[in-house]
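Engineer: got a sequence here, can you model it:
(chains A, B, C and D)
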There are 2 protein chains.
Amino acid sequence: MPRSDSTGYVRNSRDDVVSAALGILDQQGLPDLTMRHLATTLGVAPSALYWHFPNKQSLLAAVSDQIIAAARPSAAPTDDWRSTVRAEAAALHDALLAFKDGAEVVSSTLALGLGADALQRRLAAAIGRGGFDDQTTALAAETLVHFIVGHAFHRQQRMQADSLGAVAAQHSLDRENPADRPTTPQAFDLGITLLVAGLDTQSRTTPPLGDRNGS
Amino acid sequence: MPRSDSTGYVRNSRDDVVSAALGILDQQGLPDLTMRHLATTLGVAPSALYWHFPNKQSLLAAVSDQIIAAARPSAAPTDDWRSTVRAEAAALHDALLAFKDGAEVVSSTLALGLGADALQRRLAAAIGRGGFDDQTTALAAETLVHFIVGHAFHRQQRMQADSLGAVAAQHSLDRENPADRPTTPQAFDLGITLLVAGLDTQSRTTPPLGDRNGS
DNA sequence: ACCTGAACACCGTTCAAGT
DNA sequence: ACCTGAACACCGTTCAAGT
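Structural biologist: The predicted model follows:
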C-alpha cells in the first residue's frame, strides 16, 4: 500500500508498483498497461516510475515473475514423474491464463531473456525425475516451455477475439480452416501427452523415479 | 516497383508496400518498422499506407505470409512421413530465422489469429501422412507450430542480444542458469524428435505412408 | 528514498481534399 | 486508384530539481 508522506507526496514501494501493474493488466489488458496510465493509477507522475524500474521491460519482467510464481500444482510430487510433469505443466498453463494477457506478458519477457526462469526450472526439475541426462532434461524443458506459453498465448488471444464480438474477418467463420477452430483443452493435453510419450522413448542415465515398470 | 505518375505522385502497389516493409524488417528490425518510417522509405505520407491496409496489424500479417511462403523443404516428400514432418519443420524454422525478427512477426500474427495459416496447414499435411485421425493431426500440428515459432523467436532474440554486445545483466554470464545457455540447433532437433516419437505411440486410423515396418 | 515538471523524440490513425 | 496535409490522441524516457 502506498503511504502518504509528511511532504504530501504519495510514496510507493517497488511492490506497490508491481501490484498496480498487475491490477491494470488483469482488468484492462496489456495495451492499457502504459507507464503513463500506471502512474496515474498510483497518483504519481510518469517519471516517478523510473526510480523503481530502469524501463518498461523490467517492470514487465517483474509482473511476469509474479504471474509464474502464482502457479501451484494441485497434485503432490510423490507420483511417477510423468504425472509430475503433467501437473506442473497444467499449473503453469493455468497461471498464464489466470491474468488477462498473462501469456503474452510472460512470452515477451521470456523472449527478451529477462526473468521467467522459474518456468523452465520447474519443468526441468519435474523432467529430471525421469532419469534423463542434464542436456536432454534442459532441452526437453525448453520444448515444453515453448509449447505451454505458445498454446496459452494463442488461446488467450482467441478468447478475447471471441468475446469482442465475432471475428469480423473476411471469411466470418470457416470451420474448414484449422485456425478458426476453437482452441480446446484437448489441444493442450495432446501436446503434453506427445512430449511425455516422446521423452519416454529416450534413453536414460538412471532409472526413472516412480516408474511402475521398475528399471 | 513504384511508378511515377503524370501527376508527380509516387504510386505504390500493395506489393510495393509489403516489399518495402520486408526490407526494413530485415535490415533494421521490427522496432524500426513503423508506419511513418515505412512511408518515408516509399516516398509518401504516412496516411497513404492506409489506402493499402486498414491498419498496421494487417500489414504485418501480409509480411508474415510472405516469410512463411519462402519456406521450402529441401527433401522430396517421397520419404516416410517422419522425415517429411522433420523436413517441413526444419524449412519453416529456417524461414523464420531468414529475416531479422521474422519469428516475432509471425508469432504476433499467429497469436492475433490473422493469416499465417500456411504454417499449420503444411505441418498438418505432413503429419496426416502418418495415418492419424483428423483431430489428432490438427492438434499435433498446432503443437508443432507453437514449438517451432517459440523456439525460433527465442533463438533470434538471443542472437541479437549477443550481437548487441554481452548480456550486461546483473549476473553477466551464469552458465548454471539454463536460460543463459546458448540456444543450439540440438534443442530444435530434440523437440522435433520428441514430438514425432510421441506421435508414433498414438493409435492410427490407417497405416502410415512410407513406414518401413509395414502396417 | 521517492517524487515533480518540463521537455524530447517519437507513435498509429482519421479524414477531408486533391489529382 | 492513390496520395497530401493537418490534426488527434497518444507513447516511453531523461534529467535537473525538489522534499
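Engineer: the helices in chain A, which residues?
Structural biologist: A:14-28, A:35-42, A:49-52, A:56-69, A:81-98, A:102-112, A:117-128, A:134-163, A:185-200 (DSSP state H).
Engineer: helices or strands up against the fourth one?
Structural biologist: I take that to be helix A:56-69. When contacts are defined as 3 or more CB pairs under 8 Å, 6 or more residues apart in numbering or on different chains; DSSP states H and E, helix A:56-69 sits against helix A:14-28, helix A:81-98, helix A:102-112, helix A:117-128. For every residue, glycine as well, the C-beta is placed using N, CA and C.
Engineer: please repeat the previous calculation with a cut-off of 10 Å.
Structural biologist: helix A:14-28, helix A:35-42, helix A:49-52, helix A:81-98, helix A:102-112, helix A:117-128 (3 or more CB pairs under 10 Å, 6 or more residues apart in numbering or on different chains; DSSP states H and E).
Engineer: which parts of stretch A:143-163 are buried?
Structural biologist: Within stretch A:143-163, the residues scored as buried using 16 or more other CB atoms under 10 Å in any protein chain shown are A:143-158, A:161.
Engineer: got the residues of chain A near DNA strand C?
Structural biologist: Taking CB under 7 Å from any atom of the strand as the contact definition, chain A meets DNA strand C at A:2, A:9-14, A:39, A:42-48, A:51-52.
Engineer: check those residues against chain B, which are close?
Structural biologist: Of the residues in those, proximity to chain B by CB under 10 Å from any CB of the partner chain holds for none.
Engineer: quick one on the thing from earlier: possible to save the helices and strands packed on helix A:56-69 as CSV with mean neighbour count and distance to DNA strand D?
Structural biologist: Below are the helices and strands packed on helix A:56-69 laid out as CSV (neighbours: other CB atoms under 10 Å in any protein chain shown; distance: least, CB to the nearest atom of the strand, whole Å):
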stretch, mean neighbour count, distance to DNA strand D
helix A:14-28, 17, 10
helix A:35-42, 16, 4
helix A:49-52, 16, 4
helix A:81-98, 21, 22
helix A:102-112, 24, 12
helix A:117-128, 20, 22
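Engineer: show me what contacts the spatially most central residue of chain A?
Structural biologist: Geometric centre of chain A, nearest residue: A:Leu96, 3.9 Å, by CA atoms, centre = their mean. A:Leu96 is in contact with A:64, A:67-68, A:70-71, A:102-107, A:119, A:148-149, A:151-153, A:155-156, counting by CB atoms under 10 Å, 6 or more residues apart in numbering or on different chains.
Engineer: go again with 6 Å.
Structural biologist: With contacts defined as CB atoms under 6 Å, 6 or more residues apart in numbering or on different chains, A:Leu96 is in contact with A:102-103, A:106, A:152.
Engineer: which one of these is nearest to A:Arg82?
Structural biologist: Proximity of those to A:Arg82 was ranked by CB to CB; the top entry is A:Ala152 with 21.0 Å.
Engineer: show me where pLDDT drops low in chain A?
Structural biologist: Within chain A, the stretches with pLDDT under 70 are A:1-9, A:77, A:164-183, A:211-215.
Engineer: from B:Val17, how far off is A:Pro54?
Structural biologist: 36 Å (CB to CB, to the nearest Å).
Engineer: rewinding a little: looking at the helices and strands packed on helix A:56-69, spot the one closest to A:Gln186.
Structural biologist: So among the helices and strands packed on helix A:56-69, helix A:81-98 is nearest, using CB to CB, at 13.0 Å.
Engineer: got the CA coordinates for that closest one in CSV?
Structural biologist: The C-alpha trace of helix A:81-98 is given here as CSV (Å, rounded to 0.1, in the frame of the first residue of the first chain):
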residue,chain,number,x,y,z
TRP,A,81,7.5,-38.5,-13.0
ARG,A,82,5.1,-38.3,-15.9
SER,A,83,2.3,-37.2,-13.6
THR,A,84,4.6,-34.6,-12.0
VAL,A,85,5.4,-33.2,-15.4
ARG,A,86,1.8,-33.1,-16.4
ALA,A,87,0.8,-31.5,-13.1
GLU,A,88,3.5,-28.8,-13.3
ALA,A,89,2.6,-28.1,-17.0
ALA,A,90,-1.1,-27.8,-16.2
ALA,A,91,-0.3,-25.5,-13.2
LEU,A,92,1.8,-23.2,-15.3
HIS,A,93,-0.7,-23.2,-18.1
ASP,A,94,-3.5,-22.2,-15.7
ALA,A,95,-1.3,-19.5,-14.1
LEU,A,96,-0.8,-17.9,-17.6
LEU,A,97,-4.5,-17.9,-18.2
ALA,A,98,-5.4,-16.5,-14.8
